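Enquirer: Provide a 3D model corresponding to the input given below.
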Amino acid sequence: MNMIEDAARKIESMEVRGAARIARFAAETLKEYAKSVKTNFDEEMRRASERLMNTRPTAVSLFNAINYVMSYSGESDEEKRESLIKRAEEFIEWVDTAREKIGGIGAKRIMDGSTVMTHCNSSAALSVIKHAFDEGKDIRVIATESRPRHQGHLTTKELADYGIDVTLIVDSAVRYFMKEVDVVVVGADTITVNGALINKIGTSQIALAAKEARVPFMVAAETYKFSPKTLLGELVVIEERDAREVIDGELLSHPKVTVRNPAFDVTPRDYIDLIITEIGAIPPEMAYIVIRDHLGYREFGGEEITLSPEHYD
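Expert: Numbers count the residues shown, from 1 in each chain. Sure, this is the predicted structure:
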């Protein structure tokens with residue numbers, strides 16, 4: 001289990017970060033681990049999947065990735081291994097192709113001469129921006145710092161290295177700069193059955209400022225980021241991380257000081273203009289249909305949830 005424990009720690013420490021990257025990494029890890037399992041295949045894979053599943057409670061992409069890969073079949077351990085590896089490779093292909101499709105669809109909503117605001121470091125959102133740039137559109141980007149882990153620094157470097165003009169701002173300056181923005185594009189960690197967005201902390205404040213300024217607010221989200229559990233009434237757990245990510249030293253140890261560090265917040269569907277998925281651009285109200293019709297159902301961990309996406313149909 002050393003391989004699994006090492007992978008789990010990379011996810012927990014955010015060495016591997018971003019919903020799509022985490023999902024892909026989990027699928028790759030289970031694939032490689034399956035190759036090494038000699039006996040008790042079902043039990044070993046169950047233990048491995050549960051360890052990975054518990055690393056980031058909010059990221060439904062991780063949950064869906066593991067469920068998809070673990071829907072393997074077969075009579076012998078070798079048949080099961082081959083089935084799991086095939087499913088892992090399918091999911092990895094899904095991640096890679098979905099991002100490109102989202103980029104192409106979303107780029108159509110960005111006009112020449114636009115200023116685009118983005119938050120955190122979403123590969124899907126960046127795909128939209130890069131596709132618009134590749135189409136020859138003259139665009140500039142305003143990227144938030146995205147404290148406390150400063151994922152916005154990664155976004156700024158990635159886009160700048162791609163040749164796109166980027167302005168990095170502190171998170172609290174979003175409303176100040178919104179008057180210069182033509183469209184907001186963010187990623188997603190989870191889309192709920194009612195079309196609400198769970199994403200990097202600060203997203204809901206950007207959405208509120210955009211609504212006030214009548215700036216379109218778009219979400220780039222692969223369908224494996226839609227949460228089947230919310231269809232069954234389960235609430236999304238908002239992960240709170242170590243206070244030392246925010247502050248350290250004397251103030252942290254002060255008996256009268258409490259530090260809260262939620263990693264995500266919830267943006268109501270009323271603030272979202274459009275969700276860009278690999279199956280098309282949809283209003284948030286269609287989240288239920290995506291979960292019901294695009295994702296299948298199966299048993300995992302004792303309860304009926306999902307995952308056999310018919311993404312090749």
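Enquirer: from Val170, how far off is Pro255?
Expert: 30 Å (CB to CB, to the nearest Å). (Glycine included, C-beta is placed from N, CA and C.)
Enquirer: list the helices and strands the longest helix seen in the chain packs on?
Expert: Secondary structure of the chain per DSSP state H: the longest helix is helix 77-107. Judged by 3 or more CB pairs under 8 Å, 6 or more residues apart in numbering; DSSP states H and E, the packing partners of helix 77-107 are helix 19-36, helix 41-53, helix 60-69, helix 123-134, strand 217-220, strand 274-277, strand 280-282.
Enquirer: please work out the average pLDDT along the third one.
Expert: By that I understand helix 60-69. When pLDDT is averaged along helix 60-69, the result is 89.
Enquirer: give me the angle between that helix and helix 19-36.
Expert: On the basis of axes from the mean of the first three to the mean of the last three CA atoms, to 10 degrees, helix 60-69 is oriented at 30 degrees to helix 19-36.
Enquirer: what are the buried residues along stretch 9-23?
Expert: Lys10, Ile11, Val16, Arg17, Gly18, Ala19, Ala20, Arg21, Ile22, Ala23 (16 or more other CB atoms under 10 Å).
Enquirer: and the third one, backbone torsions?
Expert: Meaning Val16. The phi/psi pair for Val16 (degrees, to the nearest 10) reads phi -110, psi 120.
Enquirer: now the fifth one
Expert: Geometry field for Gly18 lists phi and psi as phi 90, psi 130, criterion degrees, to the nearest 10.
Enquirer: distance check, it against Lys200.
Expert: Gly18 is 10 Å from Lys200, by CB to CB.
Enquirer: which residues do those two both contact?
Expert: Common contacts of Gly18 and Lys200, defined by CB atoms under 8 Å, 6 or more residues apart in numbering, comprise Gln151, Gly187.
Enquirer: the helices and strands packed on helix 77-107: lowest mean pLDDT?
Expert: helix 60-69 (a mean of 89).
Enquirer: what helices or strands is it leaning on?
Expert: Using 3+ CB pairs under 8 Å, 6+ apart: helix 60-69 touches helix 19-36, helix 41-53, helix 77-107, strand 190-191, helix 228-231.
Enquirer: relative to Tyr162, which of these is closest?
Expert: Counting by CB to CB, Tyr162 lies closest to helix 77-107 out of the helices and strands packed on helix 60-69; the figure is 12.3 Å.
Enquirer: and for the helix or strand following the closest one, what's in contact with it?
Expert: From helix 77-107 onward toward the C-terminus, using DSSP states H and E, the following helix or strand is strand 115-118. Applying CB under 8 Å, 6+ apart, the external contacts of strand 115-118 come out as 110, 125-126, 129, 132, 139-144, 155, 174, 177-178, 180-186, 206, 210, 215.
Enquirer: where helices are concerned, which of these count?
Expert: Ala125, Leu126, Ile129, Ala132, Thr155, Val174, Phe177, Ile206, Ala210.
Enquirer: what's the closest of those to Ala287?
Expert: Set against Ala287, the nearest of those by CB to CB is Ala125 (18.0 Å).
Enquirer: what's around the closest one, how many residues?
Expert: 29 (other CB atoms under 10 Å).
Enquirer: report the contact partners of it.
Expert: Taking CB under 8 Å, 6+ apart as the test, what Ala125 contacts is Thr118, Val185, Val186, Gly187, Ala220.
Enquirer: most neighbours among those, please name it.
Expert: Neighbour max across the contacts of Ala125 (other CB under 10 Å) = Ala220, 30 neighbours.
Enquirer: so who does that one touch?
Expert: Per CB under 8 Å, 6+ apart, neighbours of Ala220: 102, 106, 122, 124-125, 127-128, 185-188, 275-276.
Enquirer: quick check: the farthest pair among those?
Expert: Longest span within the contacts of Ala220, CB to CB: Ser127 and Ile275, 14.4 Å.
Enquirer: ok, Glu135 - contacts?
Expert: Applying CB under 8 Å, 6+ apart, the residues near Glu135 are Ala107.
Enquirer: returning to that earlier point: out of Pro255 and Val170, which sits in the busier spot?
Expert: Higher neighbour count among Pro255 and Val170: Val170, with 12 against 5, using other CB under 10 Å.
Enquirer: separation between the more buried one and Val185?
Expert: Val170 is 19 Å from Val185, by CB to CB.
Enquirer: tell me the contacts of Met3?
Expert: Thr29, Glu32, Tyr33, Ser36.
Enquirer: just give me the closest of those residues to Val60.
Expert: Nearest member of the contacts of Met3 to Val60, counting by CB to CB, is Thr29, at 17.7 Å.
Enquirer: circling back: which parts of the longest helix of the chain are buried?
Expert: 77, 80-81, 83-85, 87-88, 90-92, 94-95, 98-99, 101-107.
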